[in-house]
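Engineer: Predicted model follows, preceded by the sequence.
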Amino acid sequence: MARNRPHPATLSAQGLGWTDPSTGAVVLPISPATTFERDPDNQYRRGRGYGRADNPGYDQPQALLTALEGGVASLLFASGMAAATVLFHTLPLGAHVVAPRVMYWALRRWLAIEDASGRLHVDFVDATALDELRRAVQPGRTRLLWVETPANPLWSITDIVGAAEIAHQAGAHLAVDSTAATPVLTRPLEHGADIAMHSATKYLNGHSDVIAGALTAAREDEFWQRLVAARSGGGAILGSLEAYLLLRGMRTLYPRVERACRSAMRIAEHFAGQSKVLEVLYPGLPTHPGHAVAARQMEGGFGGMLSIRVAGGAAAAIATAAGVQLWKRATSLGGVESLIEHRASVEGAGSPAPPDLLRLSVGIEDADDLIADLDEALVGSGQ
Ligand SMILES: Cc1ncc(COP(=O)(O)O)c(C=O)c1O
């Protein structure tokens, strides 16, 4: 790209190229201040009053995320769950919401509780089927269509362009949990979404040492202003150190995600068709039901997340997870270290995860090491 329009990878590596105007430092200082001095005439001409709304340490990571997502503004939150739940809570009491059956399980559970209490009315649907979305979204009543793509833990794909058309025709907003895709692979706002959401805990930070969330807007409309007010009013803010660490992680986002994608594809291809593995769920494989849509809306790779179904059921899957040495048996995703997890044990009743499913978050280690480790664990699982 031209020098005056650098590629997003350049913006990411350089943190938009910001330097400290007073020292020239290429890394901006952490801003721990919780309060800011008024001018003698009682004004806040420098634009900041209190740290809950105005932390200067948010400026660079928010501006960088906005640039990477192709949006107009971003907000950091204390966690991905905080970002999502603040968004749902800005809807009017009793609002109708459509959400996928296959999605991050803790948010699905939270939405089910909201539905049971009557604070929201939530219909859970198969978000891979645009017909089903069309039937569920009610013109004039539905306020928000929420989708996640690729979606935990089957890596189901939702067509964002189609979902946006359906939401907008009904007068609803479309929000996309883009945690697994990252802006490296998919920019939901460019496909018509109104809000892109991230658990920044995952790929954006990338080092398993920060819990954070983010929302990015396509427009600074009244809906967005309510979100801005809800963050400072509700107080679900990110700490100063976490904002600094998140930015540091975001500066290596592109090489981390690119490498994870390459390794995930190799791992998926290696285990597909093996007798000890019933099925590999990875949108990069032509056999995945969402492959064609993923190929259209994901650019440069299909992500670092995949799942395998182990022949022999839950016991064999758990034995496989027990047998790895390099993969870490841990929840979460998007870090530099590879993780393996028996999802049904985590998600419990109502989970779409088959009992034999292991979720794999591919890190940046050597792919051959990861394949060899999992191969040995599968052999040792007795299948
Ligand atoms: C896809 C997705 N969305 C949202 C969340 C929630 O994010 P957090 O753990 O940062 O609250 C997670 C966490 O695992 C996730 O995987």
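Structural biologist: Looks like it arrived, so ask away.
Engineer: How about the residue of the stretch 1-150 of the chain found nearest the ligand: what's its closest non-neighbour residue?
Structural biologist: Closest approach between the stretch 1-150 of the chain and the ligand, counting by Cβ to the nearest ligand atom: Gly80, at 2.3 Å. The way it works is simple: take the backbone N, C-alpha and C, and place the C-beta from them, glycine included. Counting by Cβ to Cβ, 6 or more residues apart in numbering, Ser199 is the residue found nearest to Gly80 once chain neighbours are left out, at 2.7 Å.
Engineer: And the one you found, how far from the ligand?
Structural biologist: Using Cβ to the nearest ligand atom, to the nearest Å, one gets 3 Å for the distance from Ser199 to the ligand.
Engineer: about what we covered before: surely the residue of the stretch 1-150 of the chain closest to the ligand touches Thr179?
Structural biologist: Yes. Using Cβ atoms under 8 Å, Gly80 is in contact with Thr179, at 6.7 Å.
Engineer: Those two: which has the busier surroundings?
Structural biologist: More crowded of Gly80 and Thr179, by other Cβ atoms under 10 Å: Thr179, with 28 against 25.
Engineer: ok, the closest residue to the more buried one other than its chain neighbours - contacts?
Structural biologist: Leaving aside its chain neighbours, Thr179 sits nearest to Ser199 (4.5 Å; criterion: Cβ to Cβ, 6+ apart). Residues near Ser199 by Cβ atoms under 8 Å, 6 or more residues apart in numbering: 79-81, 83, 104, 177, 179, 212-213.
Engineer: So which of those residues are in strands?
Structural biologist: 177, 213 (DSSP state E).
Engineer: And whatever helix or strand Pro255 lives in, what's buried?
Structural biologist: Here Pro255 sits within helix 253-271, counting by DSSP states H and E. Neighbour-count burial for helix 253-271, counted by 16 or more other Cβ atoms under 10 Å, picks out 253-254, 256-261, 263-268, 270-271.
Engineer: That one - contacts with which helices or strands?
Structural biologist: Applying 3 or more Cβ pairs under 8 Å, 6 or more residues apart in numbering; DSSP states H and E, we find helix 253-271 packed against helix 8-13, helix 182-185, strand 277-281, strand 305-310, helix 367-380.
Engineer: I'd like to know which of those lies nearest to the ligand.
Structural biologist: Nearest to the ligand, of all the helices and strands packed on helix 253-271, is strand 305-310, at 9.0 Å by Cβ to the nearest ligand atom.
Engineer: Find the residues that touch each one of Gly80 and Thr179.
Structural biologist: In contact with both Gly80 and Thr179: 104, 197-199, 202, using Cβ under 8 Å, 6+ apart.
Engineer: How many residues are close by the closest residue to Leu145 other than its chain neighbours?
Structural biologist: The shortest distance from Leu145 to any non-neighbouring residue, by Cβ to Cβ, 6+ apart, is to Ala167 (4.1 Å). Neighbours of Ala167 under the rule other Cβ under 10 Å: 25.
Engineer: same deal with Leu16?
Structural biologist: Leu16 has 19 neighbouring residues, counting by other Cβ under 10 Å.
Engineer: So it lies in a strand, does it not?
Structural biologist: No. Leu16 sits outside any strand when classified using DSSP: H, G, I helix; E, B strand; the rest coil, being helix.
Engineer: which residues sit against stretch 182-192?
Structural biologist: If you take Cβ under 8 Å, 6+ apart as the criterion, stretch 182-192 is touched by 8-9, 65, 68-71, 149, 160-161, 163-165, 168, 174, 176, 178, 181, 196, 198, 203-204, 216-218, 253-254, 257-258, 261, 297-303, 334.
Engineer: Now intersect these with the strands, please.
Structural biologist: Members of the contacts of stretch 182-192 lying in strands (criterion: DSSP E): 174, 176, 196, 198, 216-217.
Engineer: As JSON lines, those with distance to Ala367 would be great.
Structural biologist: What follows is the ones in strands among the contacts of stretch 182-192, written out as JSON lines (distance: Cβ to Cβ, whole Å):
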{"residue": "Leu174", "distance to Ala367": "35"}
{"residue": "Val176", "distance to Ala367": "29"}
{"residue": "Ala196", "distance to Ala367": "29"}
{"residue": "His198", "distance to Ala367": "25"}
{"residue": "Thr216", "distance to Ala367": "31"}
{"residue": "Ala217", "distance to Ala367": "37"}
